[in-house]
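**Student:** Sequence and computational prediction follow.
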Amino acid sequence: MAYSFHRAHQARRACLDTATGLAARSGPRLLQISFGVVFLWFGLPKFVPHLSAMDGLATDTITALSHGAVTGESARVLLAVLETLIGLCLLFGRLLRMALAALLLQLVGTFTPLLLFPGRTWKSLLVPTLEGQFIIKNLILVSAAIVIGGGFHRATDRSHRDPGRSDVTAVSGRHPSAAPHFSARPGPLPRCTCRRNER
């Protein structure tokens, strides 16, 4: 009985270790892909007028932040292009440095309606409307963007320290120097001690 319990405990622990290891290896990449899907899902509907539920608040926010320089349809299309490009870059892992900078800038901008349009985003003190709740949930997206940016920074930092390291290796965290290293440069030849031995 005790032996079977011990075997079951070991099996559960092995499954848990496998799951946590898989999460550690694949979690950042899955987070990046899901982020890209979400932004594509947000951006593509904005190309069609009045299709996105947030069109009105988004265009009004851009108009207010640009002091009227970008208004109406131009604001809507600009936001649609920005969110779609961010989504594509995150989804396919291209131009990540620029995409993450644009992403953080866009996310910071999404919080400004809480101050610019309090009548549309707050029911009462600290009680948001439906649009306000949609904005506040972006706190999670900001945290996720910071996690993605931190992982990308660590990967590029490791690749700079080791130029022979591939991008896949840098992201996965497996360092090729863990294997035995053999230098191609020959070492110094041993000195001949024949005369010394003859003496």
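**Tutor:** Thanks, I have it. Residues are numbered from 1 along each chain as shown.

**Student:** Not counting sequence-adjacent ones, nearest residue to Leu90?
**Tutor:** Sequence neighbours aside, Gly36 is the residue nearest to Leu90 in space, at 3.4 Å (criterion: C-beta to C-beta, 6 or more residues apart in numbering). Bear in mind the C-beta positions are built from the backbone N, C-alpha and C, glycine included.

**Student:** Ranking helices and strands of this protein by mean pLDDT, which lands last?
**Tutor:** Least confident element among the helices and strands of the chain, by mean pLDDT, DSSP states H and E: helix 167-172 (a mean of 42).

**Student:** what residues are up against Ala80?
**Tutor:** Gly43, Leu44, Lys46, Phe47 (C-beta atoms under 8 Å, 6 or more residues apart in numbering).

**Student:** Considering these, which possesses the most neighbours?
**Tutor:** Within the contacts of Ala80, neighbour counts (other C-beta atoms under 10 Å) peak at Lys46, which reaches 23 neighbours.

**Student:** Please report how far it lies from Arg97.
**Tutor:** Lys46 sits 24 Å away from Arg97, going by C-beta to C-beta, to the nearest Å.

**Student:** for Ser66, same thing?
**Tutor:** Distance, Ser66 to Arg97, by C-beta to C-beta: 25 Å.

**Student:** Ok, Leu31 next?
**Tutor:** 17 Å.

**Student:** more neighbours, the two?
**Tutor:** A direct count of neighbours by other C-beta under 10 Å for Leu31 and Arg97 places Leu31 higher, at 16 against 12.

**Student:** mind checking the SS state of Leu90?
**Tutor:** Three-state call for Leu90 (DSSP: H, G, I helix; E, B strand; the rest coil): helix.

**Student:** thought it was touching Phe39?
**Tutor:** Yes - Leu90 lies in contact with Phe39 (C-beta atoms under 8 Å); the separation is 6.7 Å.

**Student:** intersection of neighbour lists for these two?
**Tutor:** Common neighbours of Leu90 and Phe39, counting by C-beta under 8 Å, 6+ apart, are Leu103.

**Student:** just to revisit the earlier point, tell me how many other residues crowd the residue nearest to Leu90.
**Tutor:** Look at Gly36: counted by other C-beta under 10 Å, it has 19 neighbours.

**Student:** Having no further points to raise, I will conclude here.
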